[in-house]
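Asks: need a structure here:
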Amino acid sequence: AGNEFGTGDGIWFFRETILHNQHKDGSWGIHPNLLRKDALSSTLACVLALKRWGIGNQHVHNALGFMERQSGCLRDSSQQNPVGFDVIFPAMVEAAAVDFDLSLPLDAGVVDPMLRKRDDWLRMMMTTSSSRSKGHNAYLAYISEGMGNSRRHWQTALSFRRNNGSILNSPSATAAAFIHLRDSNSLDYLASIFDDDHLLLPAAGVAAGLV
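Replies: You can find the predicted model right below:
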């Protein structure tokens, strides 16, 4: 069915929106001087989306330059971590290597420990799944774009769907739900937070859900 995104699944609109909302420094999302790790995460998410679609080579080149310039923030403990960063960002780094054979300009001495920490955390979550509190399950639903395509995860995540079609009012979690489920509720919510002139949905919310 068609909607304001156009016919089909609406991904063409996401493509155009990402292509037209890259900042001059090569980043997407919040200005990096404010939340550098958030900008790094948003930018990598958009890189992966463009690689998946096979478009925007110059955008990708500019984005990788931005990531190289900002990579030092990964070592900086004073930099604020966005919610779920320790799960979502390593998942995207892994996807870059596995899905696209893309070499990111990031120090392996920083990235490798992040991957191990993410894996240890996910194993712990899986072994305690039966005893997790509602709060823990809500957190996992909120960071759905870093949780993969586990059927069990999505059964839990959908229990947190709101009346507006979102997962916990989170654009990124809802975008992830859309790509895994291709459901109209998620798409309608994503459409509702766009306007004609500005990208209201955080770049990571679009791209991480679509890669």
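
Asks: Going by C-alpha atoms from here, please, whenever you check contacts or count neighbours.
Replies: Will do.

Asks: in stretch 178-198, what counts as buried?
Replies: For stretch 178-198, the neighbour count (16 or more other CA atoms under 10 Å) marks F178, I179, H180, N185, S186, L187, D188, Y189, L190, A191 as buried.

Asks: Please report the distance of the second one from L115.
Replies: By that I understand I179. Using CA to CA, to the nearest Å, we find I179 at a distance of 24 Å from L115.

Asks: Packing partners of the longest helix belonging to the chain?
Replies: The longest helix of the chain (DSSP state H) is helix 108-127. If contacts are counted by 3 or more CA pairs under 8 Å, 6 or more residues apart in numbering; DSSP states H and E, helix 108-127 sits against helix 85-100.

Asks: same thing but 6 Å
Replies: Using 3 or more CA pairs under 6 Å, 6 or more residues apart in numbering; DSSP states H and E as the contact test, no helix or strand touches helix 108-127.

Asks: in that helix, what's buried?
Replies: For helix 108-127, the neighbour count (16+ other CA under 10 Å) marks V111, M114, L115, R118, M125 as buried.

Asks: got the contact list for the third one?
Replies: L115 makes contact with P90, according to CA atoms under 6 Å, 6 or more residues apart in numbering.

Asks: From A49, how far off is it?
Replies: Distance from L115 to A49, by CA to CA: 21 Å.

Asks: before we move on, the earlier item: could you check the angle helix 85-100 makes with the helix or strand that the longest helix of the chain is followed by?
Replies: Using DSSP states H and E, the helix or strand that follows helix 108-127 in sequence is helix 134-142. Per axes from the mean of the first three to the mean of the last three CA atoms, to 10 degrees, the angle that helix 134-142 makes with helix 85-100 is 40 degrees.

Asks: pLDDT of the longest helix of the chain, averaged?
Replies: Taken as a whole, helix 108-127 has a mean pLDDT of 88.

Asks: ok so, going back, redo the buried residues of stretch 178-198 as a markdown table? Include secondary structure.
Replies: A markdown table is the format used below for these (DSSP: H, G, I helix; E, B strand; the rest coil):
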| residue | secondary structure |
| --- | --- |
| F178 | helix |
| I179 | helix |
| H180 | helix |
| N185 | helix |
| S186 | helix |
| L187 | helix |
| D188 | helix |
| Y189 | helix |
| L190 | helix |
| A191 | helix |
